[in-house]
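Trainee: next comes the sequence, and after it the predicted model I'd like to discuss.
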Amino acid sequence: MNQNTDQSSDVLKPLAERQPPGLSIRATRIEDFEGLSALINLPGFRAGTLRLPYQRPEQTKKWLESQGPNSLSIVALIDGVIVGQAGLHPYSGRRAHAAELGIGVHDDHVGKGIGTALIGELIDAADNWLAFKRLELTVYTDNAPAIRLYEKFGFEREGVRRSYAFKAGTFVDALGMARLRC
């Protein structure tokens, strides 16, 4: 069996079989702001985002407090420590059928199934509870592991956004990706 087939079959396994031991997922809470601030300030986590370095915990708390009532934000924890965060942020009006997906995993826990578990939970909510037809995201073109993860869940490349952001002293491209539910 080739690697792509193995990855695809992994998505079909029950979520509990794909999670690392001790992993739990729950809704984000305001009191998570310090743990989330520590997470998003990690170099690897931040490298995949548009965030600036040294985000203050107060900024994270304000971000948590400002999330709309229709946004879904979850965290992954191992032994009570936040090791991942993900969310769905719906659009409104004529784009009410769509939401933006964002995700990040702790630098020391990348490749351990946390991203798979988080995206699995978001897609379940999007498909079975929120009736979203379209999920979309943006990912830097140099983030091959993330692109493979998104493709494993049915996200397709829709286009390249050239010189999308300034990162590590240079302008970098990003992919626009989306998953459509038939």
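Mentor: Cool, got the structure.
Trainee: mind listing what residue 28 touches?
Mentor: Residues near residue 28 by C-beta atoms under 8 Å, 6 or more residues apart in numbering: 36, 64, 73-75, 85, 87. The C-beta positions use only the backbone N, C-alpha and C, and glycine is treated the same way.
Trainee: past the strand or helix carrying residue 64, which element shows up next along the chain?
Mentor: Using DSSP states H and E, residue 64 maps to helix 57-66. Sequence order places strand 72-78 as the next helix or strand after helix 57-66, per DSSP H and E.
Trainee: ok, then the element right after that next one?
Mentor: Counting by DSSP H and E, the next helix or strand C-terminal to strand 72-78 is strand 81-90.
Trainee: give the pairing partners of that next one; include direction for each.
Mentor: Sheet pairing for strand 81-90, assigned by DSSP bridges, gives strand 72-78 (antiparallel), strand 98-105 (antiparallel).
Trainee: list the buried residues in that strand.
Mentor: 82-88, 90 (16 or more other C-beta atoms under 10 Å).
Trainee: could you dump those into CSV with pLDDT and distance to residue 112 added?
Mentor: CSV is the format used below for the buried residues of strand 81-90 (pLDDT from 0 to 100; distance: C-beta to C-beta, whole Å):
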residue, pLDDT, distance to residue 112
82, 97, 14
83, 97, 9
84, 97, 10
85, 97, 15
86, 97, 15
87, 97, 20
88, 97, 22
90, 96, 29
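Trainee: determine which two of those residues are furthest apart.
Mentor: The span of those, defined through C-beta to C-beta, is set by 83 and 90 at 25.4 Å.
Trainee: give me the low-pLDDT residue ranges for this structure?
Mentor: Where the chain drops to pLDDT under 70, the residues are 1-18.
Trainee: need the helices for it, in chain order.
Mentor: Using DSSP state H, the helices assigned to the chain run over residues 3-12, 15-18, 33-40, 43-47, 57-66, 114-128, 144-152.
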